[in-house]
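Undergrad: starting from these lines, generate the structure:
(2 chains)
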Amino acid sequence: DAEITQSPRHKITETGRQVTLACHQTWNHNNMFWYRQDLGHGLRLIHYSYGVQDTNKGEVSDGYSVSRSNTEDLPLTLESAASSQTSVYFCASSDLAGGTTDTQYFGPGTRLTVL
Amino acid sequence: QKEVEQDPGPLSVPEGAIVSLNCTYSNSAFQYFMWYRQYSRKGPELLMYTYSSGNKEDGRFTAQVDKSSKYISLFIRDSQPSDSATYLCAMSRAAYSSASKIIFGSGTRLSIRP
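TA: Residues are numbered from 1 along each chain as shown, chains lettered A, B, ... in the order given. Predicted structure coming up:
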């Protein structure tokens, strides 16, 4: 079955280190998204991509970067991790696929702690 | 002011009760309204989707949109312990993710007591 996976599921790192979170989907969806989820804030969009070589900033993109070299993967990089980036990170993908709207399918999440 | 406001709860009700979850919003351009369900330690999954005003029913779940009041609701009838989860409302100006971003509420944590 098609799916969306994230790795690692849990990560502890230190302030200032570079961290990369992986997201892989097997639906062949064009659209991919990265969100962070924090108590009281819900899901906030970090970066998104509508296809290979396309990347765009979301509402909370400072300190994060993404690259899209193929359809299946959208890795999220924290250039220099900060304690404020401690959060749960969700990847999602979507595509119209003949429907009237495109449903976003979410991965299981990565819990990141920055010490 | 947030574009979408949602009471975080927690909300605890006995099994079999009718549950009402609500969100308010400020942007009158929103046309598409969604409810996501998120179990603990899992990613959100789409539960209901409605366009513009009106009601939509799917089994025990009913989504209601009142655009004049900028208010949306999700009703759960005959609630079950398996309905215990966090429910996030979400809305968008367009049907496609490529045309408009989805704005999420902060989620309401619901617990159904056996």
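
Undergrad: show me the contacts for residue 66.
TA: No chain was given, so I picked chain A. Residue A:66 makes contacts with A:34, A:46, A:47, A:49, A:55, A:74, A:75, A:76, A:77, as judged by C-beta atoms under 8 Å, 6 or more residues apart in numbering or on different chains. Every C-beta, even on glycine, is put in place using the N, C-alpha and C of the backbone.

Undergrad: not quite, I wanted chain B
TA: Contacts of residue B:66 (C-beta under 8 Å, 6+ apart): B:53, B:72.

Undergrad: among the contacts of residue A:66, which are in reach of chain B?
TA: Among the contacts of residue A:66, no residue lies close to chain B (C-beta under 8 Å from any C-beta of the partner chain).

Undergrad: now those residues in a markdown table, with distance to residue B:26, neighbour count and pLDDT?
TA: As requested, the contacts of residue A:66 are arranged in a markdown table below (distance: C-beta to C-beta, whole Å; neighbours: other C-beta atoms under 10 Å in any protein chain shown; pLDDT from 0 to 100):
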| residue | distance to residue B:26 | neighbour count | pLDDT |
| --- | --- | --- | --- |
| A:34 | 25 | 26 | 97 |
| A:46 | 23 | 26 | 96 |
| A:47 | 25 | 22 | 96 |
| A:49 | 28 | 20 | 93 |
| A:55 | 29 | 16 | 95 |
| A:74 | 30 | 26 | 98 |
| A:75 | 34 | 17 | 98 |
| A:76 | 29 | 22 | 98 |
| A:77 | 33 | 14 | 98 |
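
Undergrad: of these, which is the nearest to chain B?
TA: Comparing the contacts of residue A:66 against chain B with C-beta to the nearest C-beta places residue A:49 closest, at 10.3 Å.

Undergrad: circling back: tell me which of the contacts of residue A:66 fall in helices.
TA: Among the contacts of residue A:66, none falls in helices (DSSP state H).

Undergrad: what is the most widely separated pair among the residues you listed?
TA: Of all pairs drawn from the contacts of residue A:66, the greatest distance, 13.6 Å, lies between A:49 and A:77 (C-beta to C-beta).

Undergrad: so what does residue B:28 look like in phi/psi?
TA: Backbone geometry at residue B:28, expressed as degrees, to the nearest 10, gives phi -70, psi -10.

Undergrad: so which strand or helix has residue B:37?
TA: According to DSSP states H and E, residue B:37 maps onto strand B:32-38.

Undergrad: strands of chain B, start to end?
TA: Here chain B has its strands, by DSSP state E, at B:4-6, B:11-14, B:19-25, B:32-38, B:45-51, B:54-58, B:61-66, B:71-76, B:85-92, B:103-104, B:108-113.

Undergrad: can you pull the buried residues of the first one?
TA: In this case it means strand B:4-6. Neighbour-count burial for strand B:4-6, counted by 16 or more other C-beta atoms under 10 Å in any protein chain shown, picks out B:4, B:6.

Undergrad: got any ranges where chain A has weak pLDDT?
TA: Applying pLDDT under 70 to chain A flags residues A:1-2, A:96-102.
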